[in-house]
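S.K.: Quick one, structure for this:
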Amino acid sequence: MHVYLDESGSFSVPAIQTSSMSVVGALAVPDCIQRAIWKRYRRTRSGLPQDGGEVKGRLLSESQVAGLVSMLIKTPVLYTVTAIDLGMHSLEAIIQHRDSQAERLTAHLGPEHHPELIADVKALAERLKNTPPQLYAESVLIYRTAWDALQYSTLLYSQIMPQELGSIRWTFDAKDSNRKTDWENLWHELIAPIAQSIGLKEPLIALREREGADYSFFDRAYKIEAGAWFNELAGGEAEHCSNIGAIFRDFTFDPGMNYGLEIADVLTNAVRRALNGNLREDGWQYISKLIPKLRNKHRVRLISFADIDQAANFPYASVIRKLDRYSRPLLA
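M.R.: Numbers count the residues shown, from 1 in each chain. Sure thing, here's the model as predicted:
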């Protein structure tokens with residue numbers, strides 16, 4: 001399968017405290033039907049507004065967004081989305097979170113580790129500390145969205161298209177058309193260890209064979225023996241675990257025209273516009289039919305770097321509730 005990641009928003013704390021949403025979304029597309037989906041998309045793409053030859057979600061009307069969503073609902077694609085309200089944060093809170101994460105990278109280094117490894121990890125931590133707050137905030141949403149996309153896709157496709165789990169490829173909308181930026185290099189290096197950290201707290205949920213699941217393709221590609229280090233961190237005695245590094249190894253930064261990134265952009269921009277009150281309900285109301293439901297969580301996962309009054313009457317609360325009405329079924 002192929003996962004396309006895109007973002008929408010500035011990820012910056014506004015000068016005046018007011019709601020300001022930024023969003024990261026991921027579109028999972030099975031390889032075996034990707035060509036057919038692109039064929040359907042081409043039928044309507046020529047009629048969609050473009051900028052520099054690319055379809056841009058910010059230019060689409062409500063009916064155009066709804067038309068694309070209607071087409072996608074008829075396919076087994078999955079969409080995952082994470083949002084943050086930077087208007088509810090201070091710059092200091094984001095910097096504190098960033099610096100604490102950097103300190104965690106070096107917290108367990110000791111004389112038993114090779115000097116070269118220690119130097120590499122310390123250099124990585126220093127690069128993280130020097131990351132601008134808005135890029136750090138975006139990175140955190142990318143990590144969370146990617147993990148959720150992995151969780152949802154393994155649950156669904158293990159039942160209906162198990163072969164898709166034998167090869168997982170990731171594509172992100174590149175910031176620079178000429179080169180991979182320093183920030184992209186950094187979060188690409190960190191995504192596997194941070195995903196591993198998330199997985200230790202929230203292990204991938206797997207269905208049993210008698211429930212109609214087939215993980216044989218996934219296991220052949222990504223299952224490895226669990227070392228002592230894994231069981232020590234996980235607090236268990238597992239024989240096997242998933243090779244997170246291998247799962248996130250095939251990662252491409254694409255600056256050009258890409259149908260998967262265009263569709264991810266339309267969906268992600270539509271969610272952000274909806275949360276900010278800039279897109280009517282008839283444009284976004286059925287997007288959540290592409291988003292799986294798990295453990296009664298909101299379809300749009302909300303991220304926060306600080307304690308926020310959950311009882312507060314956020315202006316986008318009604319949008320969150322309405323999106324929760326529908327979901328993509330995870331059980332075939």
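
S.K.: After the lengthiest helix in the chain, which helix or strand is next?
M.R.: Longest helix in the chain, counting residues (DSSP state H): helix 133-160. Using DSSP states H and E, the helix or strand that follows helix 133-160 in sequence is strand 169-173.

S.K.: From the contact counts, what lies against that next one?
M.R.: Packed against strand 169-173, as judged by 3 or more C-beta pairs under 8 Å, 6 or more residues apart in numbering; DSSP states H and E, are the following elements: strand 2-8, strand 251-254, helix 259-275. For every residue, glycine as well, the C-beta is placed using N, CA and C.

S.K.: What lies in contact with whichever helix or strand comes after that strand?
M.R.: Once the chain leaves strand 169-173, the next helix or strand it forms, by DSSP H and E, is helix 182-201. Applying C-beta atoms under 8 Å, 6 or more residues apart in numbering, the contact partners of helix 182-201 are 124, 127-128, 131-132, 135, 139, 142-144, 146-147, 150, 172, 174-175, 180, 233-234, 242, 244-245, 247-249, 251, 253.

S.K.: Just the buried ones from these?
M.R.: 124, 127-128, 131, 135, 139, 142-144, 146-147, 150, 172, 174, 242, 244, 247-248, 251, 253 (16 or more other C-beta atoms under 10 Å).

S.K.: Pull the number of nearby residues for residue 239.
M.R.: Close neighbours of residue 239, defined as other C-beta atoms under 10 Å, add up to 7.

S.K.: if I read this right, it contacts residue 224, doesn't it?
M.R.: No: between residue 239 and residue 224 there is no contact under C-beta atoms under 8 Å: 10.3 Å.

S.K.: Please, which helix or strand holds residue 231?
M.R.: helix 228-234.

S.K.: Which residues belonging to that helix are considered buried?
M.R.: By neighbour count on 16+ other C-beta under 10 Å, the buried set for helix 228-234 is residue 230.

S.K.: Run through the neighbouring helices and strands of that helix.
M.R.: Against helix 228-234 (3+ C-beta pairs under 8 Å, 6+ apart) you get no helix or strand.

S.K.: Return the set of residues that bridge with the closest residue to residue 45 other than its chain neighbours.
M.R.: Counting by C-beta to C-beta, 6 or more residues apart in numbering, residue 45 lies nearest to residue 55, which is 6.1 Å off, once chain neighbours are set aside. Counting by DSSP bridges, residue 55 is bridged to residue 50.

S.K.: I figured residue 55 hits residue 47, correct?
M.R.: No: assessed by C-beta under 8 Å, residue 55 is found out of contact with residue 47, at 10.1 Å.

S.K.: out of these two, which sits in the busier spot?
M.R.: residue 55 (23 against 8).

S.K.: confidence score at the residue nearest to residue 45?
M.R.: For residue 55, the model assigns a pLDDT of 97.

S.K.: what sits against it?
M.R.: 45, 48-49, 262, 265-266.

S.K.: What about those, which one has the most neighbours?
M.R.: Sorting the contacts of residue 55 by how many neighbours each has (other C-beta under 10 Å) puts residue 266 first, at 27 neighbours.

S.K.: That concludes my questions; thank you for your assistance.
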